[in-house]
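Q: A predicted structure for the sequence below; I have some questions about it.
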Amino acid sequence: MRRARRIVAAALLGGALTSLTVAALALAAVDATDATVTLQVAARGPGSVSADAIGGVAAKLCDEREGQNDCRWTYERGTSVRLTAVKQTGDGNSFSRWSESDCGTSSSCTVKLDDDLTSVVAVFAPLRLGVKFSGAKGSATVSANPAGLPCLDELENDELFCGRYPPRTPVALTVTGGSFTSWNDVGDYLCEPPNARTCTIVVDDEPTWAGVRFGGAGQPTPPTSISVEFKLRKSGNGSGRVTASNLDCGTVCRANFNFGKPITLTANPDDGSLFDGWNGVCAQTQLTCRFPAGPITSIRATFTKDATAPTTPGAPVIGGRTRSSIAISWAGSTDNVRVAGYRVYLNDAPAGETQTTAYTLEGLKCGRTYTVAVDAVDGLGNRSPRASVTTQTRPCALAARLAGVGVGRVSGLRTVVATVRVNRATSARLRLLRGGRPVLTARFSVAPGTNRLRLRVPRRFPPGPYRLATSIVNPDGGTLTLPGRGVLLPRP
């Protein structure tokens with residue numbers, strides 16, 4: 001009985017070990033699959049590409065250079081491969097560029113294989129442009145501008161034109177004669193506009209094909225080309241999204257395209273970031289970049305943080321002043337993204353915000369000198385230097401008071417002294433009246449504050465009661481008359 005139990009236990013343990021082994025092998029198989037990636041290499045035009053994996057893997061050569069031909073090799077994920085473009089011998093042949101935009105125009109390019117599929121195309125010059133037709137062409141011919149290099153009798157039965165051009169050359173094709181219907185309006189290589197006898201096509205592939213049809217014939221079927229994996233990379237210390245018809249990077253930054261298929265990318269920087277270019281494929285200032293897939297299989301979009309402040313606003317211009325307000329305006333600032341608004345300062349203290357280029361400061365004191373300044377701010381809070389001006393509110397309303405009247409006598413000379421207090425610089429007139437009639441008048445300049453005005457009385461004026469009348473000139477217009485005061489003039 002005990003032996004039977006040991007046999008059963010051993011069987012169960014063996015089964016468990018077998019299951020674990022199978023699971024481990026399955027997991028290893030998954031890991032092995034995930035650990036390998038594919039490199040797609042193609043040459044376009046008169047040349048070939050050698051691939052030398054850094055780390056000892058044997059070099060490979062790809063001389064598939066036109067149409068549907070390419071090379072596909074498997075490597076361990078993370079392998080760096082040095083690709084070298086080798087032009088064919090012959091007059092006028094040259095290497096043009098890599099589809100990996102970071103590689104530039106050097107004949108050597110190193111790529112690190114981190115994705116399941118990486119496509120790299122080497123473009124050589126010249127590339128062939130052919131025009132295929134369908135239908136009864138009759139006496140029709142096709143001419144090209146520029147004419148291009150001759151194709152050395154490479155025309156086929158269903159071709160009307162063949163020429164060789166540098167990559168990215170736009171060529172105007174013109175159909176003469178025949179019952180022209182249209183150019184192809186479907187496919188990856190389109191000659192536009194399709195319904196005019198003259199259209200334009202850009203030479204990108206080897207060969208690049210245009211199709212033209214005559215009479216009621218259907219569209220010709222140009223040879224197909226390879227499909228490539230296009231990758232978008234984002235870089236920089238800013239953030240944003242890049243979108244296309246089947247890309248949203250964001251989330252999806254890779255897609256498969258037919259060689260020559262136009263791609264239109266649109267950059268959308270996030271708030272606080274700027275778009276800083278397409279690493280040379282399109283102009284740095286363009287938010288939209290259009291190019292053909294295949295000749296380009298990788299592009300890098302750069303976003304940077306906005307650290308640039310707006311320009312300094314124009315010097316504030318005084319538009320109007322009252323006793324309690326100052327209105328200003330200024331020439332607007334500029335910014336590399338946009339100006340979000342302006343802040344106004346009063347004697348260096350923030351006084352208000354505005355999104356326009358004008359502001360009115362209110363609640364001020366009359367007759368005061370103020371320094372008014374303004375700066376601009378962008379959406380990330382970058383502030384410009386301030387522009388400032390010094391100005392005043394309008395003077396306060398005239399206030400005047402006759403604080404006192406007295407008579408002094410020194411060595412027989414009599415002087416009427418009037419103490420006048422005013423808040424503004426102006427002038428005053430004193431009149432000495434006897435029996436309601438003026439007998440002595442004098443004018444004085446007065447300053448803000450307390451003024452002592454002295455009216456000297458000649459000896460001929462008899463002693464007795466007089467009256468002093470005081471009037472102040474109002475700088476805003478008119479005259480302010482102060483209450484009269486009685487004066488008892490002593491003997492001389």
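A: Yes, it's here.

Q: then stretch 262-270 to CSV, C-alphas only?
A: Extracted C-alpha coordinates of stretch 262-270, given in CSV (Å, rounded to 0.1, in the frame of the first residue of the first chain):
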residue,chain,number,x,y,z
PRO,A,262,1.8,61.8,-49.3
ILE,A,263,1.7,62.3,-45.5
THR,A,264,0.5,65.6,-44.0
LEU,A,265,1.6,66.1,-40.3
THR,A,266,0.2,68.8,-38.1
ALA,A,267,2.0,69.9,-34.9
ASN,A,268,-0.2,71.1,-32.0
PRO,A,269,2.0,72.5,-29.1
ASP,A,270,0.5,72.4,-25.6
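
Q: chain center to that stretch, what's the gap?
A: Taking C-alpha atoms, centre = their mean, to the nearest Å, one finds the center of stretch 262-270 at 14 Å from the center of the full chain.

Q: looking at this, residue 85 is in a strand?
A: Yes: under DSSP: H, G, I helix; E, B strand; the rest coil, residue 85 sits within a strand.

Q: residues in a beta bridge with it, which ones?
A: residue 49 (DSSP bridges).

Q: from residue 40, how far off is it?
A: Separation of residue 85 from residue 40 (C-beta to C-beta, to the nearest Å) stands at 15 Å. To be clear about C-beta, it is placed using only N, CA and C from the backbone, and glycine gets the same treatment.

Q: more crowded one of those two?
A: Neighbour count, other C-beta atoms under 10 Å: between residue 85 and residue 40, residue 85 has more, with 23 against 19.

Q: residues contacting that one?
A: Counting by C-beta atoms under 8 Å, 6 or more residues apart in numbering, residue 85 touches 43, 47, 48, 49, 95, 98, 107, 108, 109, 122, 124.

Q: contacting residues for residue 256?
A: Neighbour list for residue 256: 227, 228, 229, 230 [criterion: C-beta under 8 Å, 6+ apart].

Q: the third one sits in which helix or strand?
A: For residue 229, the element it lies in under DSSP states H and E is strand 227-235.

Q: which regions of the stretch 1-150 of the chain lie under the pLDDT threshold?
A: By pLDDT under 70, the weakly predicted segments of the stretch 1-150 of the chain are 1-34, 56.

Q: that one: helices as residue ranges?
A: Along the stretch 1-150 of the chain, counting by DSSP state H, counting those that start in this stretch, helices occupy 2-35.

Q: just want the most central residue of the protein.
A: residue 337 (4.4 Å; C-alpha atoms, centre = their mean).

Q: measure that one to residue 378 for me?
A: From residue 337 to residue 378 the distance is 6 Å (C-beta to C-beta).

Q: shaky segments in the stretch 251-400 of the chain?
A: The low-confidence ranges in the stretch 251-400 of the chain, as defined by pLDDT under 70, are absent entirely.

Q: helices along that one, start to end?
A: Counting by DSSP H, counting those that start in this stretch, the stretch 251-400 of the chain contains no helices.

Q: now do the strands in it.
A: 254-258, 262-269, 273-275, 288-292, 298-305, 317-321, 326-329, 339-346, 349-354, 358-361, 369-378, 387-392, 400-410 (DSSP state E, counting those that start in this stretch).

Q: turn those strands into CSV, columns for distance to residue 486.
A: Shown next, in CSV, are these (distance: least, C-beta to C-beta, whole Å):
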stretch, distance to residue 486
strand 254-258, 105
strand 262-269, 84
strand 273-275, 82
strand 288-292, 92
strand 298-305, 81
strand 317-321, 42
strand 326-329, 46
strand 339-346, 49
strand 349-354, 52
strand 358-361, 48
strand 369-378, 42
strand 387-392, 40
strand 400-410, 8
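
Q: follow-up on the earlier one: now do the shared contacts for residue 337 and residue 378.
A: Common contacts of residue 337 and residue 378 (C-beta under 8 Å, 6+ apart): residue 306.

Q: name the nearest residue to the residue in the chain sticking out farthest from the centre, sequence neighbours excluded.
A: What lies farthest from the middle of the chain is residue 491; by C-alpha atoms, centre = their mean that is 90.6 Å. Nearest residue to residue 491, sequence neighbours excluded (C-beta to C-beta, 6 or more residues apart in numbering): residue 463, at 4.6 Å.

Q: and the pLDDT at the one you found?
A: Looking at residue 463, its pLDDT is 94.

Q: now swap in the one 5 residues further on and tell me
A: At residue 468, the model reports a pLDDT of 96.

Q: and it, backbone torsions?
A: phi -100, psi 120 (degrees, to the nearest 10).

Q: number of nearby residues for it?
A: The burial count for residue 468: 21, using other C-beta under 10 Å.

Q: got it, and residue 425?
A: 12.

Q: ramachandran coordinates for it?
A: Per-residue torsions, residue 425: phi -70, psi 130 (degrees, to the nearest 10).

Q: distance-wise, check it relative to residue 80.
A: Taken as C-beta to C-beta, the span from residue 425 to residue 80 is 86 Å.

Q: and what of residue 447?
A: 88 Å.

Q: ok, the two, which is more surrounded?
A: Ranked by neighbour count (other C-beta under 10 Å), residue 447 and residue 80 place residue 80 first, with 13 against 10.

Q: got the domain boundaries for the chain?
A: 36-125, 127-214, 227-305, 317-392, 400-489 (automatic domain parsing).

Q: how long is the last one from one end to the other?
A: Which is domain 400-489. In terms of C-alpha to C-alpha, to the nearest Å, the two terminal residues of domain 400-489 are separated by 25 Å.

Q: thanks a lot, see you next time.
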